[in-house]
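Undergrad: Sequence first, predicted coordinates after that:
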Amino acid sequence: MSSTLSDAFRGKRLNLQHKLLDFTSLKELPDLYTWTEPDEYPAGQSLASESVPVIDLDGPTAVNVNLIGHACKTWGVFQVINHGIPTALLHNAMCTSRSLFTLPNEQKLKVARSPDAFEGYGFARISSFFSKLMWYEGFTNVGSPLDHFCQLWPQDYNMHCNVVEEYKKEMKKLAERLMCLILRSLGTTREDIKWAGLNGDFKDHPSPLNFNYYPACPDPDRAMGLAAHTDSSLFTILCQNSVSGLQVLREGTGWVTVPPVSDALVVNVGDMLHILSNGLYPSVLHRAVATRKNRLSIAYFYGLPSDLQISPLENLVGPSQPPLYRSISWSEYLRMKAKHFNKALSFVRV
Ligand SMILES: C=C1C[C@]23C[C@@]1(O)CC[C@H]2[C@@]12CCC[C@@](C)(C(=O)O1)[C@H]2[C@@H]3C(=O)O
Ligand SMILES: O=C(O)CCC(=O)C(=O)O
Ligand SMILES: [Fe+2]
């Protein structure tokens, strides 16, 4: 990860001074975890006609493009099946994640994210915007996981490193494929976009991986897994285990659950795609609710070369549709997000 990206979080103090809880032994919700933030949004009605689109990537490409465009525009989220990532790899990545979070606290704390750092183990990064803590543990990886994994698993680090490296390689391939489809759905191609690279290869894409763990909660209705937020990425590819907890905000409906579908991956629109599409594909507000069962997810944030300036696509702006956002780099945007959280996009609006 380039230093400019990690700089985004420099000085953003996280509540790491709080003692880590041994979640497994708790029968009641400690006060610090009793979520008191008012929920501004109603719970969604699960109408059969209103479920998050599931897109088969094995289908004819022309269909995918339209379906993907429609899903991005109207939902900001969709699930993909037949995406080409081996089931065994998804399973192994989940096993590595489970193995990480079930290590003793002293072990996990060896790789604790320091207040200024980008990578490592800790509370939800967005904790600093709330007075209460989330029922959550996370681990962020950007470059090679070797240093951290050697400390976590002095014996087995190699196996876990291989899994994570392979997972990131496969995610990158899928992300590039999805990006092409998304660009086509916006009426452009990656050949038309300079930053996509001369050979059509997206170069130097820092794409952080976030391992998320929501331990079984004794009182889930009064706790919060991960509070409502949008991602800063172009889009995020999320692998979730079989425990449901992810919800997206749907205009006119409220919170809608994204049900775990076997072997499917969830794709959600982030703020950089919102800017690139001139607001046509809005980034989706989402959250993870606390549950009575252990829940795991792995988020791959498909980013942009850190210092590259992006602005709304040329073919989407004109005299009748001026650009709604100024040009900005991902590293500058991450800095704004770390400061203004869910209001960051409004600071980029012209
Ligand atoms: C590049 C990143 C995006 C992210 C911050 C991170 O360094 C890795 C974690 C990501 C995450 C996950 C939870 C919500 C979020 C807003 C946060 O604070 O950390 C996102 C960040 C983001 O998308 O801006
Ligand atoms: O765990 C989930 O379902 C959501 C995770 C998430 O939103 C994130 O990592 O940004
Ligand atoms: Fe997210």
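TA: The structure has been received and is ready for your questions. Ligands and ions are numbered 1, 2, ... in the order given.
Undergrad: Secondary structure element holding the residue nearest to S262 when sequence neighbours are not counted?
TA: In space, and not counting its chain neighbours, S262 is closest to S242: 7.7 Å by CB to CB, 6 or more residues apart in numbering. Just so you know, the C-beta spots here come from the backbone N, C-alpha and C atoms, and that holds for glycine as well. With the criterion set as DSSP states H and E, no secondary-structure element contains S242; it sits in neither a helix nor a strand.
Undergrad: what's the neighbour count on L133?
TA: A count of neighbours around L133, defined by other CB atoms under 10 Å, yields 19.
Undergrad: Report the secondary structure state of it.
TA: Classification of L133 using DSSP: H, G, I helix; E, B strand; the rest coil returns coil.
Undergrad: And the one 5 residues further on, by the same measure?
TA: Here G138 takes the strand state, with states given by three-state DSSP.
Undergrad: residues contacting P312?
TA: Residues near P312 by CB atoms under 8 Å, 6 or more residues apart in numbering: 275-278, 323-325.
Undergrad: Give me the spatial nearest neighbour of whichever residue of the stretch 1-150 of the chain sits closest to ligand 2, chain neighbours excluded.
TA: Closest approach between the stretch 1-150 of the chain and ligand 2, counting by CB to the nearest ligand atom: G138, at 7.5 Å. Taking CB to CB, 6+ apart as the measure, G138 lies nearest to N212, with 5.4 Å between them; neighbours along the chain are not counted.
Undergrad: what pLDDT does that neighbour get?
TA: On pLDDT, N212 comes in at 98.
Undergrad: Hmm, it is touching T140, no?
TA: No: N212 is beyond contact range of T140, at 9.8 Å (criterion: CB atoms under 8 Å).
Undergrad: Name the strands paired with the longest strand seen in the chain and say parallel or antiparallel.
TA: Counting residues, the longest strand found in the chain (DSSP state E) is strand 295-302. Note on strand 295-302: by DSSP bridges, its sheet partners are strand 209-214 (antiparallel), strand 235-240 (antiparallel).
Undergrad: need the ones you listed in a markdown table with distance to T24 and mean neighbour count, can you?
TA: Compiled in a markdown table, the strands paired with strand 295-302 are given as follows (distance: least, CB to CB, whole Å; neighbours: other CB atoms under 10 Å):
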| stretch | distance to T24 | mean neighbour count |
| --- | --- | --- |
| strand 209-214 | 12 | 23 |
| strand 235-240 | 21 | 25 |
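Undergrad: Of the ones you listed, give the one that comes closest to ligand 2.
TA: Nearest to ligand 2, of all these, is strand 209-214, at 4.3 Å by CB to the nearest ligand atom.
Undergrad: How about residues contacting the closest one?
TA: The contact list for strand 209-214, computed with CB under 8 Å, 6+ apart, reads 97, 100-101, 135-142, 164, 167-168, 171, 225-226, 245, 288, 290-291, 294-301.
Undergrad: how far is that strand from where the chain is centred?
TA: Put simply, strand 209-214 sits 9 Å off its chain's centre (CA atoms, centre = their mean, to the nearest Å).
Undergrad: other SSEs contacting the helix or strand just after it?
TA: Beyond strand 209-214 on the C-terminal side, the first helix or strand identified by DSSP H and E is strand 226-229. Here strand 226-229 touches strand 286-288, going by 3 or more CB pairs under 8 Å, 6 or more residues apart in numbering; DSSP states H and E.
Undergrad: How about the residues of this protein by ligand 1?
TA: Counting by CB under 6 Å from any ligand atom, the residues of the chain lying close to ligand 1 are 118, 125-126, 140, 208, 210, 229, 231-233, 301, 334, 337.
Undergrad: ok, of those residues, which come out buried?
TA: Using 16 or more other CB atoms under 10 Å as the burial test, these include 118, 125-126, 140, 208, 210, 229, 231-233, 301, 334, 337 as buried.
Undergrad: Is S128 in a helix, a strand, or coil?
TA: Under the three-state scheme (three-state DSSP), S128 adopts helix.
Undergrad: now the strands for the stretch 1-150 of the chain?
TA: If DSSP state E, counting those that start in this stretch is used as the criterion, the strands of the stretch 1-150 of the chain fall at 54-56, 77-81, 120-122, 137-141.
Undergrad: Any buried residues in the first one, and which?
TA: Buried residues in strand 54-56, counted by 16+ other CB under 10 Å: I55.
Undergrad: Let me see the mean pLDDT of it.
TA: The pLDDT scores in strand 54-56 average 95.
Undergrad: and if you look at the second one?
TA: Strand 77-81 shows an average pLDDT of 97 in the prediction.
Undergrad: Cool, thanks, talk later.
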